[in-house]
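> any chance you can model this:
(chains A and B)
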Amino acid sequence: MELNRAAGEQSRNVNLLSKLRSRRFIGYWMVLPLVVLIIGLVVYPFFYSILLSFQNKAETKFVGLKNYQRLIRYGTFWLVVGNSFRFTLTAVFFKATLGLMLALILNNLPFKGQRIWRGVSLIPWVMPLALSSLGWWWIFEPTHSALDWVLVQLGSTPKPWLSNPFWARIGCIITNIWFGTPFFMIMYLAGLKSIPRSLYEVAEIDGARALQRFRYVTFPMLGKLIAITVMFSTIVTFANFDIVWILTHGGPRYTTHMFGTYAFNIGIETGHLPRGAAIALFMFPVLGISAFFILRNIARGET
Amino acid sequence: MAKKKITRRKFIKTVAAGGAAIAGATAIPSVSRKAYAQQPKLSIAMWNHWVPGATDAQKAVIDEWAKQNKVDVTADFIGPSATEMLTVASAEARAGTGHDIVVLTTFDGLFFKDKLEPMNDVVDYIQGKYGKFDEVSTYISHVDGTWITVPAPTGSHSYPMVTRMDMWKQYADIDVVDIFPADVGQRKASKVKKFTYSAFLKACEKVHKAGYPFAGPISECSDADDWLCPLFLSFGSVPVNEKGDITIESDGTLEALDYMQKLCEYMPKEIYGWNDASNNRWIISGKGSAIQNPPSAWAVAKRTRPDVAAQLWHHDTPRGPKGRYRGCLFMTYGLWKFSKNKKAAKDFIKWFLESAQQWKLLDAAQGYDMPQLKPLEAHPVWKEVGPPKGGQYNYIRRGDEHLVVGGYPAPAHIGVQIYRKYLIPVMTAKVTTGEMKPKEAMKWCAKELEEVM
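Okay, here's the model as predicted:
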């Protein structure tokens, strides 16, 4: 009897061990640290910020939607909304277009030279954004702008980079394009490499010219990738902080403030954390919709 | 040999004086060489001074106290960026753990007032020895009857005029050394009185014409607040009064905006994109003849353009119809309620702020740090440092100036909103760039203020 019980226990232990060692369980174990990190650094702060946004400044009282209501009545907030959309749409459009153009050029280079150029064109993307923003700040510096010097040498006039709302916005967008284009380029290049040569050969036999080959072969084959990269970049660009903070600090006259910088100004610098959280959460619908489309595209790609 | 006769009255007087002296010495406990039951650990976040050697001087002073009192002290130096300091303090306040003592810039103590230990006993000790802290320090640190932080000289600074003596003499016919000599006894009230904003405007027109304009930021940076808020106050423009009423829509504001429209004609257009380093670059480049800034511009010029540094004279700001105001930013020390070593922390702050220690630190900061206690203003550094010798003498308030932080005199929790949202610079920019009419801009500012109340 005793012997049977011991044998049963032993076989149960062996079963448990083998289960834990099974491929499925090892997979869970390996993912666990990442899940913990995501819960700690993304999920928890997200729900905490929702909770915060319903509180008063001293975080002692539940005020419902008051922080949101006050924001939407407020002119500066709508200026920030406009700035964020303007910045995101313009920057993403140029990043996608330039990225595609660069990818097409690189794809047509001889294989030997292609590696060097691919590496070089990735430099802006691998550099820390804060560092490259600082570099651009020196280029745009209001009083001693290097870019202005070049413009003057070329016979043009200096531009009021950073001190005029229009040019300050252009400056922020240029910096974002500089940083983000290589990401599009590398993604599209990978996409171009995966298009079967035979499709181009068939198109050539049918008499398609270069532009037609691009329109009827390349573009449709890259369609899904373009959609995913654009959506992904929209999320990152919309939530931008570093570039605006370093280049303009939201100025001149709040005309370059984005959701991220404005939330920091109100939440941290003026000490109204719940209002800052409410500003940041206004980004959520845009980011949520983008994420939904990305995930849907990926899921469709899998099926 | 004549003998001194000791009368009964003289004897009583002498004994009483001696007794009072002894009582005085013992009433204020000595904060050095404290013995603690167990060796405590103390963690301190101090300001990382940008003046070379000043942080090392802080380290040496802290080590001295640690050795004397057998306390295991860890000192971290954060900054010099104010944002970095605020971020560290915010994280520690929220997490309920971190340093025991934390350095906080001007208004930051307010954000954490419920999480900071009252420092009344520390302030009483310091004020008992050296007299009262100045008005600005009290405005910042004394909230609802409690000293939430202790004013700290290290890193505190103000925004005097920094003028190229040579250029202003040559092009504007103004001898700033003659008006503000390096000895307050030699000041002539009649000359100082004439240094008004209208005289300043005329001078700015002349130096602009000569190609060396005065400039100051009108943008989203603290340097912009630090020269514009005092300027507006000197015209009687008060954004929010002591009671918390919005008072920006006033004749004083209109006058100040009108003045700024005129002044902006003689300033470079890039000022709308300037940041906190732009003043320095402007004067050091040799393009400008005057700024309003702490002596950091001079210190950097001394390293990179000694010819420019030798011509820089720090002095009082111009006087407006309602007085002469100068901007300042003060540092403070806070002690977290979660600290497990409050006694040692308070003993340390008391000792650290004593004259003997501060004397060394003021020396190391080469005149940049600004004490909030009168006796420390007797330090010779501002008279000695140069060239030009005496160029920083008037960095310490010597005349009729009022030191203020942007947002004053509003209750400090509103003052911080005015300051950190850069409301005065943005309102000024809206008018001087033609985006709004003065009355529209005032209304805009009033609406912004309503939102922060």
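> hey, let's count contacts and neighbours off CA atoms from now on
Noted.
> OK, contacts around B:V150?
Contact analysis of B:V150 by C-alpha atoms under 8 Å, 6 or more residues apart in numbering or on different chains lists B:119, B:122-123, B:141, B:332-334.
> can you put the residues you listed in TSV and add pLDDT and neighbour count?
Below are these laid out as TSV (pLDDT from 0 to 100; neighbours: other C-alpha atoms under 10 Å in any protein chain shown):
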residue	pLDDT	neighbour count
B:M119	97	21
B:V122	97	20
B:V123	97	23
B:S141	95	28
B:T332	97	26
B:Y333	97	24
B:G334	97	32
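> let's have these in JSON lines, adding distance to chain A.
Below are the contacts of B:V150 laid out as JSON lines (distance: C-alpha to the nearest C-alpha, whole Å):
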{"residue": "B:M119", "distance to chain A": "21"}
{"residue": "B:V122", "distance to chain A": "26"}
{"residue": "B:V123", "distance to chain A": "25"}
{"residue": "B:S141", "distance to chain A": "16"}
{"residue": "B:T332", "distance to chain A": "17"}
{"residue": "B:Y333", "distance to chain A": "18"}
{"residue": "B:G334", "distance to chain A": "17"}
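> out of those, which is nearest to B:I174?
Nearest to B:I174 among the contacts of B:V150 is B:T332, at 37.4 Å by C-alpha to C-alpha.
> give the bridge partners for the closest one, please.
B:L104, B:P151 (DSSP bridges).
> out of the contacts of B:V150, which sit inside strands?
Residues of the contacts of B:V150 located in strands (DSSP state E): B:332-334.
> check the residue of the stretch 51-200 of chain A found nearest chain B and give its pLDDT.
In the stretch 51-200 of chain A, the residue that lies nearest chain B is A:S163 (3.7 Å; C-alpha to the nearest C-alpha). Per-residue confidence for A:S163 comes out at a pLDDT of 93.
> ok, A:E302 next?
For A:E302, pLDDT reads 52.
> and B:T105, how far from A:M258?
Applying C-alpha to C-alpha, to the nearest Å, the value for B:T105 to A:M258 is 25 Å.
> one step back: quick one: contacts for the residue found closest to the residue of the stretch 51-200 of chain A closest to chain B once you drop the neighbours it is linked to in the chain?
Distance criterion C-alpha to C-alpha, 6 or more residues apart in numbering or on different chains; nearest residue to A:S163, sequence neighbours excluded, is B:G273 at 3.7 Å. For B:G273, the contact set (C-alpha under 8 Å, 6+ apart) comprises A:142, A:161-164, A:248, A:251-252, B:217-219.
> B:R94: neighbour count?
Number of residues near B:R94 (other C-alpha atoms under 10 Å in any protein chain shown) recorded here: 10.
> which helix or strand contains it?
Assessed by DSSP states H and E, B:R94 sits inside helix B:82-95.
> centre of the chain to that helix, how far?
Remark: helix B:82-95 is offset 21 Å from the chain centroid, using C-alpha atoms, centre = their mean, to the nearest Å.
> same question for stretch B:365-376.
9 Å.
> buried ones in that stretch?
The neighbour-count check on stretch B:365-376 (16 or more other C-alpha atoms under 10 Å in any protein chain shown) flags B:365-373, B:376 as buried.
> farthest-apart pair in those, please.
B:Q366 and B:L373 (17.7 Å).
> what does chain A put close to chain B?
Chain A has residues A:70, A:74, A:142-143, A:160-164, A:248-254, A:265-266, A:268-271 near chain B, with proximity defined as C-alpha under 8 Å from any C-alpha of the partner chain.
> among the residues you listed, which are in strands?
With DSSP E as the criterion, strands contain none of those.
> helices of the stretch 51-200 of chain B, start to end?
Remark: helices assigned in the stretch 51-200 of chain B by DSSP state H, counting those that start in this stretch are B:54-69, B:82-95, B:108-111, B:120-130, B:135-141, B:165-172, B:176-179, B:189-194, B:197-209.
> packed most tightly, which of those would that be?
Each of these was scored by mean neighbour count; the highest is helix B:108-111, a mean of 25, by mean count of other C-alpha atoms under 10 Å in any protein chain shown.
> ok, back up a step: so what touches the helix holding B:R94?
With contact meaning C-alpha under 8 Å, 6+ apart, helix B:82-95 is reached by A:268-269, B:78-79, B:98-99, B:102-105, B:108, B:112, B:115, B:336.
> redo that, cut-off 6 Å
Residues outside helix B:82-95 that contact it (C-alpha atoms under 6 Å, 6 or more residues apart in numbering or on different chains) are B:79, B:98.
> and what of stretch B:434-447?
Taking C-alpha under 6 Å, 6+ apart as the rule, stretch B:434-447 contacts B:249, B:427, B:430-431.
> any of these buried? List them.
Buried among the contacts of stretch B:434-447 (16+ other C-alpha under 10 Å): B:249, B:427, B:430-431.
> among those residues, name the ones in helices.
In helices, defined here by DSSP state H, the members of the buried ones among the contacts of stretch B:434-447 are B:427, B:430-431.
> so B:A344: helix, strand or coil?
helix (DSSP: H, G, I helix; E, B strand; the rest coil).
> what two of the buried ones among the contacts of stretch B:434-447 are the furthest from one another?
So, those by C-alpha to C-alpha: farthest apart are B:E249 and B:K430, at 15.2 Å.
> buried residues in stretch B:270-290, which are they?
Neighbour-count burial for stretch B:270-290 [16+ other C-alpha under 10 Å]: B:270-276, B:278-285, B:288-290.
> where in chain A is pLDDT low?
Scanning chain A for pLDDT under 70 picks out the ranges A:1-4, A:6-8, A:301-303.
> mark out where each domain of it begins and ends.
Using automatic domain parsing, the domain parsing of chain A gives A:2-53, A:66-297.
> just name the most buried of those domains.
Ranked by mean neighbour count, these are led by domain A:66-297 with a mean of 18 (mean count of other C-alpha under 10 Å).
> and it, how far out from the chain middle?
8 Å.
> quick one: terminal-to-terminal distance for it?
End-to-end distance for domain A:66-297: 37 Å, by C-alpha to C-alpha.
> residues from the stretch 301-450 of chain B in reach of chain A?
Residues of the stretch 301-450 of chain B lying near chain A by C-alpha under 6 Å from any C-alpha of the partner chain: B:417, B:420, B:426.
> wait, the last one sits on A:T255?
Right, B:V426. No. Counting by C-alpha atoms under 6 Å, A:T255 is not a contact partner of B:V426; they are 10.6 Å apart.
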